[in-house]
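Chemist: Curious how this folds, go ahead:
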Amino acid sequence: MARRIDPSELSIEEKLKALYELQLVDSKIDSLRVLQGELPQEVKDMADDVEGLRTRRDNIEADIKQCELKISEMRVKIDMAKAAISKLKDQQNNVRNNREFDAISKEIEYNQLEIELCEKRINENNEVLERKTAEKTKTVSEIEERTSDLNQKQAELNDILAETKEQTETLMIRAGKLEGNIEDRLLAAFKRLRKNARNGLAVVTVEHDEQRKYDACGGCHNRIPAQRQLDIRLRKKIIPCEYCGRILIDPDLAAEVKPVRIR
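Modeler: Numbering: from 1, shown residues only. Model (predicted):
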């Protein structure tokens, strides 16, 4: 079994090559993720919308049940009041004096008012019930429409993930092995540079600016002094750009690193 290489034992040139190869792999992973575009966020937002609509539907259904319960309670009260009125009228036929007659009449009147009030409450709740039922129908329709859109977007995302899953996993394994051959401090700096760079490039080659007739950083395009260019070509130490901080390598070294190829 081969002995694991101690990252600190690598030469500067080997470290630069390891960093550049890691960047090639990371950039390929980035390109595969770009294929997903905004789909993951779109799917998440659409799923949240559907969940919100379902919560709204559940709340409306609870309101409908509450209205139906109130209507049922009012109808029970009406039936009780009608039964009381019928009983009171029978009693009224057997009163012994006007005082008893008036007292029963007031009881009948009270129950009639109770019936009127209950009927008013039933009408109010029926109006709410009608409105809530219409809201539920609209919300259910929206849920079906949004769910259909969500399923379509999810299918698109699943297709892309299925196409790129094997490639991404292969590249992730390769990146992990490369990271194992880079010192922790250097790897941390590399990842920090990648995170801060808009294009994700932490290692860039020296490029010749034909228009201005000088060599410049491949990241920020600022001029590189002649002595610094010499140091970069010698590969004796890691040279960062004075302006953007990216690690600079000469094009010849970059050409020596095998390009990333995956199935």
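Chemist: The helix or strand harbouring Val76: what's the following helix or strand?
Modeler: Counting by DSSP states H and E, the secondary-structure element that holds Val76 is helix 39-92. Scanning forward in sequence from helix 39-92, with DSSP H and E defining helices and strands, the next element found is helix 98-180.
Chemist: now that following helix: mean pLDDT?
Modeler: Helix 98-180 shows an average pLDDT of 93 in the prediction.
Chemist: And it, what does it pack against?
Modeler: helix 12-34, helix 39-92 (3 or more CB pairs under 8 Å, 6 or more residues apart in numbering; DSSP states H and E). Placement of C-beta: from N, CA and C, glycine included.
Chemist: which helices and strands sit right next to the longest one?
Modeler: Identification of packing neighbours for helix 39-92 by 3+ CB pairs under 8 Å, 6+ apart yields helix 98-180.
Chemist: just the shortest one next, same as before
Modeler: Contact here means 3+ CB pairs under 8 Å, 6+ apart; on that basis helix 12-34 packs against helix 98-180, helix 184-196, strand 203-209, strand 247-249, helix 251-256.
Chemist: mind saving the C-alpha coords of that helix as CSV?
Modeler: What follows is helix 12-34, C-alpha atoms only, in CSV (Å, rounded to 0.1, in the frame of the first residue of the first chain):
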residue,chain,number,x,y,z
ILE,A,12,6.1,24.6,-4.2
GLU,A,13,5.6,23.5,-7.8
GLU,A,14,3.7,20.4,-6.8
LYS,A,15,1.6,22.5,-4.4
LEU,A,16,0.8,24.9,-7.2
LYS,A,17,-0.2,22.1,-9.5
ALA,A,18,-2.3,20.5,-6.8
LEU,A,19,-4.1,23.8,-6.2
TYR,A,20,-4.7,24.4,-9.9
GLU,A,21,-6.0,20.9,-10.5
LEU,A,22,-8.3,21.3,-7.6
GLN,A,23,-9.6,24.5,-9.1
LEU,A,24,-10.2,22.8,-12.4
VAL,A,25,-12.2,20.1,-10.6
ASP,A,26,-14.1,22.6,-8.5
SER,A,27,-14.9,24.8,-11.5
LYS,A,28,-16.3,21.7,-13.3
ILE,A,29,-18.5,21.0,-10.3
ASP,A,30,-19.6,24.6,-10.4
SER,A,31,-20.5,24.3,-14.1
LEU,A,32,-22.6,21.2,-13.4
ARG,A,33,-24.4,23.1,-10.7
VAL,A,34,-25.0,26.0,-13.1
